[in-house]
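Participant: Output the structure for:
(2 chains)
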2 protein chains.
Amino acid sequence: MPTASGHTIAIPASRAIGTDVYNLDGEKIGKVEDLMLDKTDNTIMFAVVGFGGFLGMGEKFHPLPWAALDYSKDTGGYVVPYSRAELEAAPANSIKDLTRDDGYNARQEAYDYYKVEPYWH
Amino acid sequence: MPTASGHTIAIPASRAIGTDVYNLDGEKIGKVEDLMLDKTDNTIMFAVVGFGGFLGMGEKFHPLPWAALDYSKDTGGYVVPYSRAELEAAPANSIKDLTRDDGYNARQEAYDYYKVEPYWH
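Facilitator: Next up, the predicted model:
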């Protein structure tokens, strides 16, 4: 259901996965491939965003703070407040590496790079 | 990666979805159909567990606290510490109703019913 500002709070993971992601210039930069969940504390560690390229063989995935993805009714996708250049230079890795060390390294790298306030303490 | 107790912390949502769920008697009771996410605060509101029956037409889904699902290597599924009778009498609803009122009602009902300590304040 939308909040007063028109944003949806409760969102099924299956609906978020596959949703297109746009940059602040309105360019489609990829889509939500997955969401990394923390089994021990009910949190979403980061969104796993694919920027295209060859699926499978060596594709890199970008961990992005879930809070940085803002749903836009106009595009039917998520908008992130970053430029193409910022996104292309951002941390990216294989899914296997994103889950390494309980995902904490990838999470820290992403929140540092995008300068998003950590939700954890 | 497994913790000292052998539990995985970082888990991709796409891997959790579709995983079988067993009760404390080792009976398969259904599977994880989805995970309800809170867009505003990085949390997992509840797991959406289907108990089978006819898909689509009127199937009811059970909201379960994510923390109540314990991964078991033996079964390759999640074990919940409830009996079949407890699960059958548990809150259940359509996906649409589970997202109503931002999902807060369904979440409260689930945490109350299963007597799980709320992760929110």
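
Participant: Need the pLDDT of A:Pro2.
Facilitator: With respect to pLDDT, A:Pro2 scores 45.

Participant: Kindly report the same for A:Ser5.
Facilitator: 45.

Participant: just checking, next helix/strand downstream of the lengthiest strand in chain A?
Facilitator: Counting residues, the longest strand in chain A under DSSP state E turns out to be strand A:28-38. Moving toward the C-terminus from strand A:28-38, the next helix or strand (DSSP states H and E) is strand A:43-50.

Participant: Report whether that next one contacts chain B.
Facilitator: Yes. Counting by Cβ under 8 Å from any Cβ of the partner chain, chain B has neighbours in strand A:43-50: A:43-45, A:48. All C-beta spots, glycine's among them, are computed from the backbone N, C-alpha and C.

Participant: All the helices of chain A, residue numbers only.
Facilitator: Along chain A, counting by DSSP state H, helices occupy A:13-16, A:84-88, A:95-99, A:104-113.

Participant: By neighbour count, which of the residues of strand A:43-50 next to chain B wins?
Facilitator: A:Met45 (29 neighbours; other Cβ atoms under 10 Å in any protein chain shown).

Participant: Surely that one touches A:Lys39?
Facilitator: No. A:Met45 is beyond contact range of A:Lys39, at 10.2 Å (criterion: Cβ atoms under 8 Å).

Participant: can you list residues touching both of the two?
Facilitator: B:Ala10 (Cβ atoms under 8 Å, 6 or more residues apart in numbering or on different chains).

Participant: mean confidence score for the longest strand of chain A?
Facilitator: 94.

Participant: how about it, does it reach chain B?
Facilitator: Yes. Using Cβ under 8 Å from any Cβ, we find that strand A:28-38 touches chain B at A:34-38.

Participant: buried set for that strand?
Facilitator: Neighbour-count burial for strand A:28-38 flags A:29-38 (criterion: 16 or more other Cβ atoms under 10 Å in any protein chain shown).

Participant: Give me the distance from it to the chain's centre.
Facilitator: Once both centres are worked out by Cα atoms, centre = their mean, to the nearest Å, strand A:28-38 turns out to sit 5 Å from its chain's centre.

Participant: tell me the contacts of the nearest residue to A:Pro118 once chain neighbours are set aside?
Facilitator: In space, and not counting its chain neighbours, A:Pro118 is closest to A:Tyr111: 5.2 Å by Cβ to Cβ, 6 or more residues apart in numbering or on different chains. Contacts for A:Tyr111 (Cβ under 8 Å, 6+ apart) come out as A:65, A:117-118.

Participant: go on, A:Ile11?
Facilitator: Contact partners of A:Ile11, counting by Cβ under 8 Å, 6+ apart, are B:36-39, B:99.

Participant: rerun at 10 Å
Facilitator: Contacts of A:Ile11 were listed using Cβ atoms under 10 Å, 6 or more residues apart in numbering or on different chains, and they are A:19, A:35, A:71, B:34-39, B:45, B:99, B:102-103.

Participant: Redo those as JSON lines? Include distance to B:Arg15.
Facilitator: Shown next, in JSON lines, are the contacts of A:Ile11 (distance: Cβ to Cβ, whole Å):
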{"residue": "A:Thr19", "distance to B:Arg15": "18"}
{"residue": "A:Leu35", "distance to B:Arg15": "11"}
{"residue": "A:Tyr71", "distance to B:Arg15": "24"}
{"residue": "B:Asp34", "distance to B:Arg15": "13"}
{"residue": "B:Leu35", "distance to B:Arg15": "11"}
{"residue": "B:Met36", "distance to B:Arg15": "17"}
{"residue": "B:Leu37", "distance to B:Arg15": "15"}
{"residue": "B:Asp38", "distance to B:Arg15": "20"}
{"residue": "B:Lys39", "distance to B:Arg15": "21"}
{"residue": "B:Met45", "distance to B:Arg15": "19"}
{"residue": "B:Thr99", "distance to B:Arg15": "22"}
{"residue": "B:Asp102", "distance to B:Arg15": "26"}
{"residue": "B:Gly103", "distance to B:Arg15": "22"}
